[in-house]
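1. heads up, no residue letters with this:
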């Protein structure tokens, strides 16, 4: 799978003074960024692990990165473009083409088999069915899960389903792969296999990876660790 040319140390994601507040009745609740806001810079080919206690703002931060949750203040830029200058439809198209998203619980179209589910993003984008299925088969082979192509996702183990979710996330050849607790429902063996796939995405496929996890076993993987507490980034650690 060819990767769109991106300079290795190019800033690919940048959060500048980002804050998020919610109106609850007559009160305004600060969910992210405190008074000064959050600043975060992620470079191409970084593998960033974000962790912190429940309710610290990790998922809110991730939702801003992918353009789902608009900040109350501040900017979120992807390769220099403020993604919230786009309207909702434009952001949706941008997200589908440039970001692969992996969730804790994969969502499948139950009537479709694995290769058809993987091909769905390309079909939605208007690609002919034959070409989309060919690309899906090729990607399943690259991830060494071709044997699962004609099974229904619901027949697979949790670990197998997450491997298939990698294929679906990669099918549009995105710049960035974002994952929210992707090992949360897996046993330790399956979780380790999934984490090994992230290493493959980052090192071999040269993808930028942003991963949220509660599991302390994975806090030191990748190239950068971001610690959060009470809606703030409290520490950043560079590895390697």
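-> Done, it's in. Just so you know, these numbers come straight off a predicted model, no measurement behind them. Residues are numbered from 1 along each chain as shown.

2. Return the residue of the chain that is most distant from the centre.
-> Distance to the chain centre peaks in the chain at residue 26, reaching 34.2 Å (criterion: CA atoms, centre = their mean).

3. Angles on the backbone of it, please.
-> phi -100, psi 0 (degrees, to the nearest 10).

4. just residue 17 next, same as before
-> Main-chain torsions, residue 17, degrees, to the nearest 10: phi 60, psi 40.

5. who's in contact with it?
-> 33, 36, 37, 38, 39, 73, 74, 75 (CB atoms under 8 Å, 6 or more residues apart in numbering). Where you see a C-beta, it was placed from the backbone N, CA and C, and this is true even at glycine.

6. What pairs with the helix or strand bottoming out on mean pLDDT in the chain, parallel or antiparallel?
-> Least confident element among the helices and strands of the chain, by mean pLDDT, DSSP states H and E: strand 27-32 (a mean of 83). Partners of strand 27-32 in the sheet, by DSSP bridges, are strand 11-24 (antiparallel).

7. Do me a favour and average the pLDDT over the strand it pairs with.
-> Throughout strand 11-24, pLDDT has a mean value of 92.

8. From residue 102, how far out is the nearest residue to residue 197 once chain neighbours are set aside?
-> In space, residue 197 comes closest to residue 166 once its chain neighbours are excluded; the distance is 5.5 Å by CB to CB, 6 or more residues apart in numbering. Look at residue 166 and residue 102: by CB to CB, to the nearest Å, they are 7 Å apart.

9. Now the phi/psi pair for residue 113, please.
-> According to degrees, to the nearest 10, residue 113 has phi -80, psi -180.

10. quick one: low-confidence parts of the chain?
-> 1-5, 240 (pLDDT under 70).

11. how about the strands of it, start to end?
-> 11-24, 27-32, 38-43, 47-51, 73-78, 81-82, 99-102, 176-180, 208-212, 224-229, 232-238 (DSSP state E).

12. could I get those strands as JSON lines with distance to residue 136?
-> JSON lines is the format used below for these (distance: least, CB to CB, whole Å):
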{"stretch": "strand 11-24", "distance to residue 136": "26"}
{"stretch": "strand 27-32", "distance to residue 136": "36"}
{"stretch": "strand 38-43", "distance to residue 136": "28"}
{"stretch": "strand 47-51", "distance to residue 136": "25"}
{"stretch": "strand 73-78", "distance to residue 136": "26"}
{"stretch": "strand 81-82", "distance to residue 136": "29"}
{"stretch": "strand 99-102", "distance to residue 136": "14"}
{"stretch": "strand 176-180", "distance to residue 136": "17"}
{"stretch": "strand 208-212", "distance to residue 136": "21"}
{"stretch": "strand 224-229", "distance to residue 136": "31"}
{"stretch": "strand 232-238", "distance to residue 136": "36"}
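
13. Would you mind saying which of the ones you listed lies nearest residue 112?
-> Nearest to residue 112 among the strands of the chain is strand 99-102 (18.4 Å), distances taken as CB to CB.

14. now for that closest one, which elements pack on it?
-> If you count contacts as 3 or more CB pairs under 8 Å, 6 or more residues apart in numbering; DSSP states H and E, strand 99-102 packs onto helix 158-170, strand 176-180.

15. Please report the distance of the spatially most central residue of the chain from residue 95.
-> Ranked by distance to the mean C-alpha position of the chain (CA atoms, centre = their mean), the top residue is residue 178 at 1.0 Å. Using CB to CB, residue 178 is found at 9 Å from residue 95.
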